[in-house]
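Colleague: Could you look at this predicted model? Sequence included:
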Amino acid sequence: MAVTKTISVLVVDDHALIRAALVSVLEETDDIKVVAEASNGADAVEAAHKHSPQVVLLDVDMPGVDAFHAAAHILQLRPATAIMFLTATDSDRAIEQALKAGALGYVVKSDDPSGIPVGVRAVARGEQYFSPRAAERVRGSAADMRRRKVVGTRGAALSEREVEVLRYVGRGYAKKQIAEMLGISVKTVDKHVTSVMEKLDIHDRVELALYAVREGFISA
């Protein structure tokens, strides 16, 4: 009978209640063991150095040391460690930062928590993992994730002109007004709007405006 190899995990979150919930979810499994906990980025780096966990489950929004910097520092000290971010937001910018920091996983807290052990196992194997809401934002298939081929989000695929058009759409300008402000034809504006919607997989102007606000292209 094959012996199941245990995956060691460091859990990092500044909320004790959330940390406790994460530990509980992970330790309900037979193949995952939480070897340490931390409440901020600086302590996470120290704990990772001390315990050498295979996976670090790291909250994005914590006081003190920036979580992305903490992740990069952990990977400098322990290059074989897999980083999986846990956050309340599925913004393209946060996902881009996570990928640039070297993370293999990104989990949105509102997604089903049963996916967290699945993600831990995936990143421990050296694969990428994105929870359902995050997966909607990235460019790549499940096969790409297994091969670590996902390198960006849908938003990163927008051209500079498309971002300009998106900003104006987000502010509520009509296509004719956008055309006049950018010195292009209404037909060209329409093409840009169509391209933006296709790239972002958003097919409603209200949702497009909400996206522009969420990603910081315009202020609410």
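Modeller: Received the coordinates, thanks. Numbering: from 1, shown residues only.

Colleague: rest of the way, CA atoms for contacts and neighbours
Modeller: Will do.

Colleague: tell me, how many neighbours does Asp190 end up with?
Modeller: Residues within reach of Asp190, counting by other Cα atoms under 10 Å, total 16.

Colleague: do you know how far the residue nearest the centre of the chain is from Val108?
Modeller: By Cα atoms, centre = their mean, the mean C-alpha position of the chain lies nearest to Ile95, the distance being 3.1 Å. Distance, Ile95 to Val108, using Cα to Cα, to the nearest Å: 10 Å.

Colleague: before we move on, what about Arg161?
Modeller: For Arg161, the distance to Val108 - Cα to Cα - is 30 Å.

Colleague: rewinding a little: would you confirm that the residue nearest to the centre of the chain contacts Arg154?
Modeller: No - Ile95 is beyond contact range of Arg154, at 10.4 Å (criterion: Cα atoms under 8 Å).

Colleague: The helix or strand bottoming out on mean pLDDT in the chain: which residues count as buried?
Modeller: When the helices and strands of the chain are compared on mean pLDDT, DSSP states H and E, helix 142-146 comes out lowest with a mean of 80. Under the neighbour-count criterion of 16 or more other Cα atoms under 10 Å, helix 142-146 has Met145, Arg146 buried.

Colleague: Next, show the common contact partners of Ile95 and Val108.
Modeller: Contact criterion Cα atoms under 8 Å, 6 or more residues apart in numbering; residues shared by Ile95 and Val108: Ala134.

Colleague: From the contact counts, what lies against the helix ranked longest in the chain?
Modeller: Counting by DSSP state H, the longest helix found in the chain is helix 186-200. Using 3 or more Cα pairs under 8 Å, 6 or more residues apart in numbering; DSSP states H and E, the elements in contact with helix 186-200 are helix 160-170, helix 175-182.

Colleague: Make CSV from those and add mean neighbour count, mean pLDDT and distance to Asp14 to it.
Modeller: Compiled in CSV, the helices and strands packed on helix 186-200 are given as follows (neighbours: other Cα atoms under 10 Å; pLDDT from 0 to 100; distance: least, Cα to Cα, whole Å):
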stretch, mean neighbour count, mean pLDDT, distance to Asp14
helix 160-170, 19, 93, 34
helix 175-182, 15, 93, 44
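
Colleague: Export those helices as CSV, with columns for distance to Asp112.
Modeller: Converted to CSV, the helices and strands packed on helix 186-200 look like this (distance: least, Cα to Cα, whole Å):
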stretch, distance to Asp112
helix 160-170, 31
helix 175-182, 39
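
Colleague: These: which one's closest to Glu207?
Modeller: Glu207 lies closest, by Cα to Cα, to one member of those: helix 160-170, at 9.1 Å.
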